[in-house]
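Q: A predicted structure for the sequence below; I have some questions about it.
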Amino acid sequence: MYFTLAVSAASRERCAALTGRARIADPAVLPVPGPPEVAWQSPDGRAALLRWGRAEATPKITLAPSATQATSADCAPSANSHAGTIWPGTPIPGRDGAPVYARTTAARVDPVYVAEVAGAVIISDRAMWAAWTADRLDDHDPLLACALLNPGFPLGSATPFRGVSALSRSTIIQVLGGAASRDGADSPPRPPGAGSAAEVAAALVDAVTPLREVAQPVELSLTGGKDSRLVAAALVKAGVPVRGRTHGFADHPDVVIAAEVARVLGIEHDVRVPAAPGQQVDVLGRIRATVLVADGMLSAFENVGRPDPAFSRAVTAGGHGGELLSGGYAETAA
């Protein structure tokens, strides 16, 4: 997993200054190991795209938001963001420089944050990294602190940082020469008949099918809710070895339902009992985890106790929040 930040500026010098600031970001603002690296730079030096974190498996973008997506075909695959939400383009005929694009889905489960500063625009999939690069990390609004207490993706445009906003849903943005333009277009038109229950089910199965190549069972966070049940069914239908895990007491309704789902699907099921009353808890660690997780990346941390755990090769999945399914799960899960 890795995070992405792009800079587009009116001058080479301005781009270099902002890129340099992004590269020395305090590691405390990002929950995965750094440092960042420049993954792409435009020929004229006025645009750059940085990546922070690991990128052992660069995901394939399966749905182009517009015809402009094809313009990034000549760029290094590692320059794309992990969810295909931010990517560089090649120079546009008749215009100076090369553009950077970003897009959001209908539910914005993979958000994009925008900071406009003098002579430049910064876009990132982390609000904190954008605020740092724009030198606005300390310019926070206490009244907007609630913006962190969300389902893990923005419900509106507000963030805790003045001058940093979340891109609206179903929007494509082009940044060129330090200026941004939004088309506000909906997602690409679907072919006739697209969106039926059978087609959605097939898309979910196709999305998880690559997990068959993993040499071990997928650990599924099986809550007993309809979303995790749907993911479990898709994994089983795709022939992916899966083991369900549920947190709770044996007589809790979620645990009872999850156990029944596991029995019907024929998968192994493990129940983890909550800590006993009075057991010491790392309160500050839990608070830090909550803040980092809520900064727009719920799906990345849904199965970890802390946002900075020791590296594990276990493959995890979940259905947390129906928006992951309705807003882009089938498109990005693979």
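A: Received the coordinates, thanks.
Q: element containing the nearest residue to Gly163 once chain neighbours are set aside, please.
A: Nearest non-adjacent residue to Gly163, counting by Cβ to Cβ, 6 or more residues apart in numbering: Arg136, 5.1 Å away. (C-beta placed from N, C-alpha, C; glycine too.) Per DSSP states H and E: Arg136 is located in neither a helix nor a strand.
Q: residue contacts, Arg136?
A: Neighbouring residues of Arg136 by Cβ atoms under 8 Å, 6 or more residues apart in numbering: Ala115, Phe161, Arg162, Gly163, Val164.
Q: only the buried subset of these, as a ChimeraX command please.
A: Buried members of the contacts of Arg136 can be picked out in ChimeraX with the line below, counting by 16 or more other Cβ atoms under 10 Å:
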select :115,161,163,164
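Q: taking the contacts of Arg136 as a set, which two sit the farthest apart in space?
A: Farthest apart among the contacts of Arg136 by Cβ to Cβ are Ala115 and Arg162. That separation is 9.8 Å.
Q: what ranges do the helices span in the stretch 51-200 of the chain?
A: Applying DSSP state H, counting those that start in this stretch to the stretch 51-200 of the chain gives helices spanning 127-133, 197-208.
Q: against which helices or strands is the first one packed?
A: Put plainly, it is helix 127-133. strand 2-9, helix 12-23, strand 113-117, strand 120-124, strand 164-166 (3 or more Cβ pairs under 8 Å, 6 or more residues apart in numbering; DSSP states H and E).
Q: how about low-confidence regions in the stretch 1-150 of the chain?
A: The model of the stretch 1-150 of the chain has pLDDT under 70 over residues 1, 54-79, 82-83, 106-107, 109, 142-150.
Q: that older thread, can you tell me how far the residue nearest to Gly163 is from Ser165?
A: The gap separating Arg136 from Ser165 is 11 Å, by Cβ to Cβ, to the nearest Å.
Q: find residues that contact each of these two.
A: Common neighbours of Arg136 and Ser165 (Cβ under 8 Å, 6+ apart) are Ala115.
Q: could I get the full set of strands for this protein?
A: 2-9, 37-41, 47-53, 86-88, 100-103, 113-117, 120-124, 164-166, 172-176, 179-182, 218-221, 242-247, 268-272, 316-318 (DSSP state E).
Q: just to revisit the earlier point, tabulate the helices and strands packed on helix 127-133 in CSV, adding columns for distance to Leu176.
A: Below are these laid out as CSV (distance: least, Cβ to Cβ, whole Å):
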stretch, distance to Leu176
strand 2-9, 6
helix 12-23, 12
strand 113-117, 13
strand 120-124, 9
strand 164-166, 19
